[in-house]
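fold the following for me, if possible:
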Amino acid sequence: MDRRKFIGSAAAAMLLSQQISTVLAQSRKKSVMLMNRIGPSSSDLYIANADGSAERKFLSTPGFDYHPSFSADGKWVIFTSERNGLGQSDVFRAKADGTDIHPLVTSPSVDDQAVLSPDGTRIAFMSTRDGYRANVWLMDIKSGKFTNLTGNNNVQGDPSGPDSFLRPSWSPDGKWIAFSSDRNSDWRGHDGGHGWEHTQELSIYIVGADGREFRRIASKPGFCLGSPKWSPDGERVVYYEITTEHTWGARRPEGVADAESQIVSVDVKTGERIEHTSGPSLKVYPQFLSATDIGYYQKGGPNEGVVYTSGRPGFKSGLRSPAWSPDGKTVIYEKVKFREWTQNQLLYSWDPNREYRYTDVFPGLSRDGKLVITEKNLDSSIAIMNPDGSDRKRIFESKGEGLDPGMVMKGLAGAFAPAWSPDGQWIAFGLGQWFQARRTGTAKIMRVRRDGTGLEALTDGTVHSGFPSYSADGKQIVYRVFGENIAGLKILNLEDKTTRALTTEYDNLPGWSPDGSLIVFTRRVDAVNFDIYTIRPNGSDLTRLTTNRANDGHAVWTADGHIMWTSGLYGFREEAALYDNTFQPYGQIFIMNSDGTGKRILTDSLWEDSMPLYVPG
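Presented below is the predicted three-dimensional model:
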């Protein structure tokens, strides 16, 4: 071998080795944000005949793909994919045979719900770019130019409300775009306004593709109207119509079978309204297939599947987001799974200095670097492990503690919100029934040593108690109480077992700051609004840190004294009734200084993100 070539090859190999070592060293040093996400663990596109026959996977190289739509000539399929990172929604295009997959829109924002213009030159899609709000955008495919179609002042609604613009649809002549929006509606809780999670009120609007002649074409007080699609002649727009209250049940497994909606269309010029369906069941994703036939999806219940108003054969299937080809002979859709996510599974990161990784709920880090979680994906027991998920050990079993097994399996009972003592020797947690089950169940504060020994009850369970947090010196625990005639935060002295009331309002999720000077918590401000507060342990200096009308909650401290929390500040990113197995799908993670300044967003996904924890590199 030529000596010069050998030396050159050796030098190149050494340089490559050094570069790899540098990358690996940087990766090892990079800090991590653990976070919980409520959303499907996978999603694949399938295509079939309109009656469900000849079903097959659509893409030769599937990713995390959803929300497909056909081009007007039937030659292309536009869809959303997270193949650039879990949680990062981008727009892709493929030929109708599943080949030639390529991106159309990629950005750190949510880019979703895309549809191709009839002439194939532009796409309309929902995006959170330029301000994190969901708006309808246009992109010229050839030039790559973007236009915020709903960003004009005459289109935008009250920014203190949800104010989202969703599910665009082109008219057959390409001159108009219909969409749904909750502009100028208010935040409202489920169960008649008493629930923490919000319902959604949508109306149907149209606007010229040039941004002019914006107007509302369908609305009904107390109802949500969603997913508009045009008729073949461009004279009518079809949509589903559901009560705002049922937009809560429509996304919950215990409520979806009881939710009810109808498929309705409206004449764009005259406002004439036609109900195309009747009776119970949740009907969504409507699409005109001809002047006399509408395809839609019946979500939940024993007859879940594709249905046609003409009476032609549909099919039963647990699919989502069906979209039909222009001739109505083919339907494409997604199939999702909600298997447990893997602890420390890599997610898309919006922070170049941190990796984002998945964790089970209520993560906490001891000062000596041990992670503790509630294993809600399993049976809501308590486990500790290294921050990377290795050396996992269960230190408390929820089984055998007198809990209803059915409630445990539903995630409504178990050992929740573990908290480390400052010396890392004890873990306090709440044991009992949680979420809506707290109204009829009980819970008490427990603690156990990190090796699983020394289990003891710190409260007697006569008052529903939960969400403990240790003081910086380890001598006290703050926790919240809930009952018919009691609410607020209490502080337990671990030395003499005495308690004192810190607050008496509807407060929750307290957390003691690392330096011991403040306690952060969530307060119910009114029937539909929750905000983040801090208070000193002696009850002084009560400070409200968030003031928007959307919910703010689940606040936690970082080791350096910042506050991370989950907020619906920027509204919904999808029609609420189309989600599955979720609570507040608009939730994104934020961070701020301890005095409420310096607020900024840390996630920008389509899903419900919460329970963050910074882990040093």
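
torsion angles phi and psi at G193?
As for G193, its main-chain torsions (degrees, to the nearest 10) stand at phi 100, psi 0.

neighbours of G305, just the number please.
For G305, the neighbour count with other C-beta atoms under 10 Å is 17. (Glycine included, C-beta is placed from N, CA and C.)

likewise the one 3 residues further on?
Y308 sits with 17 neighbouring residues when counted by other C-beta under 10 Å.

try G318
Count around G318 with other C-beta under 10 Å applied: 11.

just give the nearest non-adjacent residue to it, would you?
Once flanking residues are discounted, G318 sits nearest to E304: 6.0 Å by C-beta to C-beta, 6 or more residues apart in numbering.

same question, Y586
In this structure, Y586 finds its nearest non-sequential neighbour in G568, 4.2 Å apart by C-beta to C-beta, 6+ apart.

picking that back up, ok, the residue nearest to G318 to K95 distance?
Look at E304 and K95: by C-beta to C-beta, to the nearest Å, they are 30 Å apart.

can you check E456 too?
As judged by C-beta to C-beta, E456 and K95 stand 64 Å apart.

got it, and D267?
For D267 relative to K95 (C-beta to C-beta), the value is 36 Å.

ok, back up a step: E456 and K95 - which one has more neighbours?
Using other C-beta under 10 Å as the criterion, E456 and K95 rank with K95 on top: 13 against 10.

residues contacting the more buried one?
Applying C-beta atoms under 8 Å, 6 or more residues apart in numbering, we find K95 in contact with 75-77.

kindly state the pLDDT recorded for it?
If you check K95, the pLDDT there is 97.

if I look at it, how far off is P103?
Separation of K95 from P103 (C-beta to C-beta): 14 Å.

what mean pLDDT does stretch 307-314 have?
Per-residue pLDDT over stretch 307-314 has a mean of 97.

one more: stretch 436-451?
Along stretch 436-451, the predicted local confidence has a mean pLDDT of 90.

got it, and stretch 154-171?
Mean pLDDT, stretch 154-171: 96.

same question, stretch 68-88
Averaged across stretch 68-88, pLDDT comes to 97.

quick one: contacts for F429?
374, 382, 396, 415-419, 445-448, 468.

ok, and the most crowded of those?
Counting neighbours by other C-beta under 10 Å, A415 comes out on top of the contacts of F429 with 30 neighbours.

test my guess that that residue contacts D379.
No - under the criterion of C-beta atoms under 8 Å, A415 lies out of contact with D379, with a separation of 9.3 Å.

show me whatever sits in contact with both of these two.
S398.

which parts of stretch 195-215 are buried?
195-207, 209, 211 (16 or more other C-beta atoms under 10 Å).

can you tell me which of the residues you listed is nearest G369?
W196 (33.3 Å; C-beta to C-beta).

what's that closest one sitting at in phi/psi?
With angles defined as degrees, to the nearest 10, W196 sits at phi -70, psi -40.

what pLDDT does the model give it?
Note on W196: pLDDT of 86.

touching, it and R188? I think so.
No - here W196 does not reach R188: they are 11.6 Å apart, not a contact under C-beta under 8 Å.

and stretch 410-422, C-alpha only, in PDB?
Below are the C-alpha coordinates for stretch 410-422, written out as PDB (Å, rounded to 0.1, in the frame of the first residue of the first chain):
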ATOM      1  CA  LYS A 410     -58.100   3.200  35.100                       C
ATOM      2  CA  GLY A 411     -55.400   5.300  36.700                       C
ATOM      3  CA  LEU A 412     -57.900   6.700  39.200                       C
ATOM      4  CA  ALA A 413     -56.300   5.100  42.300                       C
ATOM      5  CA  GLY A 414     -52.900   4.300  43.600                       C
ATOM      6  CA  ALA A 415     -49.700   5.900  45.000                       C
ATOM      7  CA  PHE A 416     -49.400   9.300  43.500                       C
ATOM      8  CA  ALA A 417     -46.900  12.200  43.500                       C
ATOM      9  CA  PRO A 418     -43.900  10.800  45.300                       C
ATOM     10  CA  ALA A 419     -41.500  13.400  46.800                       C
ATOM     11  CA  TRP A 420     -38.000  13.000  48.100                       C
ATOM     12  CA  SER A 421     -36.800  14.200  51.500                       C
ATOM     13  CA  PRO A 422     -33.800  16.500  51.200                       C
END
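
so where does Y333 fall, helix or strand?
strand 330-337 (DSSP states H and E).

what's that strand packed up against?
Strand 330-337 sits against strand 42-49, strand 65-70, strand 320-324, with contacts defined as 3 or more C-beta pairs under 8 Å, 6 or more residues apart in numbering; DSSP states H and E.
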